[in-house]
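Peer 1: One predicted model, sequence on top.
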Amino acid sequence: MLPERNAMTDARLFADRRAAGKALAKRLVKLGLGDPVVLAMPRGGVPVAVEIARALGSPLDLVFVRKIGVPFQPELAVAAVVDGGEPLIIINDDILTGAAVTQAFIDEQAKSKLAEIECRRRAYLAGRAHVPLEGRVLILVDDGIATGASVRAALAALRRKMPKRLVLAVPVAPADILDDLGTRVDEIVCLKKPKVFYSVGRHYIDFHQILDDEVVRLLNEGGANRAEAPDPASAN
């Protein structure tokens, strides 16, 4: 059962991720982006992205990011792996300098993370091809941003695909994080930019955990890319 909230509070919240996606879609339609590719960060970004892809009539694909933590503090990311036809390892140089982590450790961890990503991609998309990205307008979508670490890695990987334009679309994110991310994209569409930020979930009435079967259902419903054969030069 959802927690009871008064009407004034509810008016300031997204009902759920799909409602947030519909609100974002209205803003994105006005930008006249042509024929973009919508890229969701699973799992929370998928219901948001489904609504955006539907409104824009765009192909929908996924971007998987897995952090590589330092051995003594796994939550401290020394690098991140982003999947694709040509997977990328994004190094956090500031952390690497003080963590005494070897490149061999990062490479070994990356192999493990990529194996996890491949299993999840197969489960979600059943072998469907990557959508070709080079020269396209790309819209990266999540259900919100807290620290921005995963989004930075995804944007870095997508930028290397030489997109025509790179857009970040999220319902909510801290104002200072958006200032930093603004230097990495051509456009940010964000509906709520609180200066005091506690968590993404506090901006939703329904922020339930998205499970794998819901991701699969949403992707099928949203018409995720169904090309017959993968393009090895493309990536999420």
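Peer 2: Cool, got the structure.

Peer 1: quick one, strands of this structure?
Peer 2: 37-40, 60-62, 65-70, 73-82, 88-91, 137-141, 165-172, 187-192 (DSSP state E).

Peer 1: Contacts for the fifth one, please.
Peer 2: Just to be clear, that refers to strand 88-91. The contact list for strand 88-91, computed with CB atoms under 8 Å, 6 or more residues apart in numbering, reads 68, 78-82, 106-107, 110, 152-153, 156-157, 160, 235. Where C-beta positions appear, they are placed from N, C-alpha and C, glycine not excepted.

Peer 1: of those residues, buried ones?
Peer 2: 68, 78-82, 106, 110, 152-153, 157, 160, 235 (16 or more other CB atoms under 10 Å).

Peer 1: Need the max-distance pair from those residues.
Peer 2: 78 and 235 (22.0 Å; CB to CB).

Peer 1: tell me which of the contacts of strand 88-91 is nearest to residue 30?
Peer 2: residue 152 (26.5 Å).

Peer 1: was I right about that closest one contacting residue 184?
Peer 2: Yes. With contact defined as CB atoms under 8 Å, residue 152 reaches residue 184; the gap is 6.9 Å.

Peer 1: what's the span of stretch 51-61, first residue to last?
Peer 2: 13 Å (CA to CA, to the nearest Å).

Peer 1: what sits up against it?
Peer 2: 18, 21-22, 24-26, 28-29, 33, 35-40, 49-50, 130-131, 139, 141, 169, 219, 222-225, 236.

Peer 1: Next one: residue 101 from residue 47, what distance?
Peer 2: Here residue 101 is placed at a distance of 36 Å from residue 47 (CB to CB, to the nearest Å).

Peer 1: who's in contact with the residue most central in space within the chain?
Peer 2: Centroid-nearest residue in the chain: residue 41, 2.7 Å away (criterion: CA atoms, centre = their mean). Going by CB under 8 Å, 6+ apart, residue 41 touches 62-65, 140-142, 150-151, 154.

Peer 1: what do you get if the cut-off is 6 Å, keeping everything else the same?
Peer 2: Residue 41 sits next to 63, 142 when contact means CB atoms under 6 Å, 6 or more residues apart in numbering.

Peer 1: can you check the one 5 residues further on too?
Peer 2: Neighbouring residues of residue 46 by CB under 6 Å, 6+ apart: 40, 215, 218.

Peer 1: excluding its backbone neighbours, what's nearest it?
Peer 2: residue 40 (4.7 Å; CB to CB, 6 or more residues apart in numbering).

Peer 1: want to throw the contacts of residue 46 into JSON lines with pLDDT and neighbour count?
Peer 2: Shown next, in JSON lines, are these (pLDDT from 0 to 100; neighbours: other CB atoms under 10 Å):
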{"residue": "40", "pLDDT": "97", "neighbour count": "31"}
{"residue": "215", "pLDDT": "96", "neighbour count": "23"}
{"residue": "218", "pLDDT": "94", "neighbour count": "24"}
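
Peer 1: So which of the contacts of stretch 51-61 belong to helices?
Peer 2: Judged by DSSP state H, those include 18, 21-22, 24-26, 28-29, 49-50, 219, 222 as members of helices.

Peer 1: Pull the number of nearby residues for residue 30.
Peer 2: Neighbours of residue 30 under the rule other CB atoms under 10 Å: 9.

Peer 1: Understood, closing this out.
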